[in-house]
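# Need a 3D model of the sequence below.
(one chain, ligands or ions: 1)
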Amino acid sequence: MRILISNDDGIYSPGIIALAKVASRFGEVRIVAPDVEQSSMSHAITASRPLRYRRIRLGDFEAYRVDGTPADCVALGTHHWHVDLVLSGINLGLNLGNSCWHSGTLAAAKQAALLGVRGIAFSTSVSENKEPDFGKLDPYVAKVIDMLLKEDTMRLVNVNLPEKPRGIRWTRQSVRQYDGKVAPSKDPMGRPIFWFTVIPLQGAEEGTDRWAVEHNWVSVTPLRLDLTDEKELGRALALHHTPAIGAKSLADGQRNDKAASSRTREHESSVRTKKKRREKS
Ligand code: MN
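Numbers count the residues shown, from 1 in each chain. The predicted structure follows:
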């Protein structure tokens, strides 16, 4: 099995080597990661300039540092190498609940899923000025990978590890509101600066990713790419105020297609007539 490893903390983060070491027990490993930190870049891609990479040696691993985002790295990595699995992380900082929208770690796994490759994101908590004890997390990361490899239908999974795990739990994403607060301050020259902070407002609901990590469980959340709000869509369709995608609208569509093609024919014949006129004059 070929495993591509990426992250958003940058290729020199200790978390990526920790993940690569565990992954190497499951298959052949290659690291493709951003050259600098890309945390909170979410699913950004570099569309206005080309990408470059440099091959480096990272421990025992073949590695490539890319001047792009986590999503760029997965796109490049899977372009150059046929890959069976993409692992992202281990991020220095949790990616729980609404943070999933901002996470570059999760975006690397999402990019894999978009390309038809399984993607798993790993994040862990960091206490102040202390690097996570990856030795302690190692058996849990291995256990999760082993567990998820057997679950072939799960294409995108978000995994969060507390500092001292006591086991593994399946969870759902916590969707409670967060404050998204902007904290104003001043720079040394007295000019205004702003910090955008994202702090959960309420305690976590039981069974969610945040709840699990708060109770020292490793949280494993299967995610999907389809963001459709099924309940609202169902309600909207039931109101019949908007065109429904169904048998009736399909018939309407066909009628519209016929009307459109007859309009096209009219247009084409009028162009021909005008052309003839121009040729005559
Ligand atoms: Mn990060």
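# Helix, strand, or coil at the residue of the stretch 51-200 of the chain found nearest the ion?
The stretch 51-200 of the chain approaches the ion most closely through residue 91 (4.4 Å), counting by C-beta to the ion. C-beta here means a position set from N, CA and C on the backbone, and glycine is covered the same way. Put simply, residue 91 is strand when judged by DSSP: H, G, I helix; E, B strand; the rest coil.
# Wait, residue 106 touches residue 94, no?
No. In this structure, residue 106 is not within contact of residue 94 by C-beta atoms under 8 Å, at 11.2 Å.
# which one of the two has more residues nearby?
residue 106 (31 against 20; other C-beta atoms under 10 Å).
# Model confidence for the residue most central in space within the chain, exactly?
In the chain, the residue lying closest to the centroid (C-alpha atoms, centre = their mean) is residue 107, at 2.2 Å. Here, the pLDDT recorded for residue 107 equals 98.
# who touches it in this structure?
Counting by C-beta atoms under 8 Å, 6 or more residues apart in numbering, residue 107 touches 8, 41, 42, 43, 44, 69, 70, 71.
# before we move on, what about residue 146?
residue 26.
# for residue 201, same thing?
176, 177, 178, 179.
# likewise residue 16?
5, 6, 7, 9, 31, 33, 58, 89, 90.
# So what's the predicted local confidence for it?
Reported pLDDT for residue 16: 98.
# start the count at 51, not 1, going forward
Shifting the count to begin at 51 puts that one at residue 66.
# Quick check: it is in a helix.
Yes. Membership of residue 66 in a helix is supported by three-state DSSP.
# Spatially nearest residue to the residue of the chain found nearest the ion (excluding sequence neighbours)?
Closest to the ion within the chain is residue 89: 3.3 Å, counting by C-beta to the ion. Spatial nearest neighbour of residue 89, excluding adjacent residues (C-beta to C-beta, 6 or more residues apart in numbering): residue 58 at 5.1 Å.
# Next: residue 220.
Nearest to residue 220 is residue 270, by C-beta to C-beta, 6+ apart, at 5.5 Å.
# Identify the bridge partners of the one you found.
Bridge pairing for residue 270 (DSSP bridges) gives the partners residue 209, residue 220.
# residue contacts, it?
Contacts of residue 270 by C-beta under 8 Å, 6+ apart are 194, 197, 198, 207, 208, 209, 218, 219, 220, 221.
# Residue 161 now?
93, 120, 121, 124, 125, 136, 169.
# Residue 124 too?
So residue 124 contacts 54, 56, 82, 136, 138, 158, 161, 162, 165, 169 (C-beta under 8 Å, 6+ apart).
# Neighbour-wise, give me the winner out of the contacts of residue 161.
Result: residue 120 is most packed of the contacts of residue 161 (other C-beta under 10 Å), 34 neighbours.
# Make sure residue 159 is actually in contact with residue 141.
No. In this structure, residue 159 is not within contact of residue 141 by C-beta under 8 Å, at 10.8 Å.
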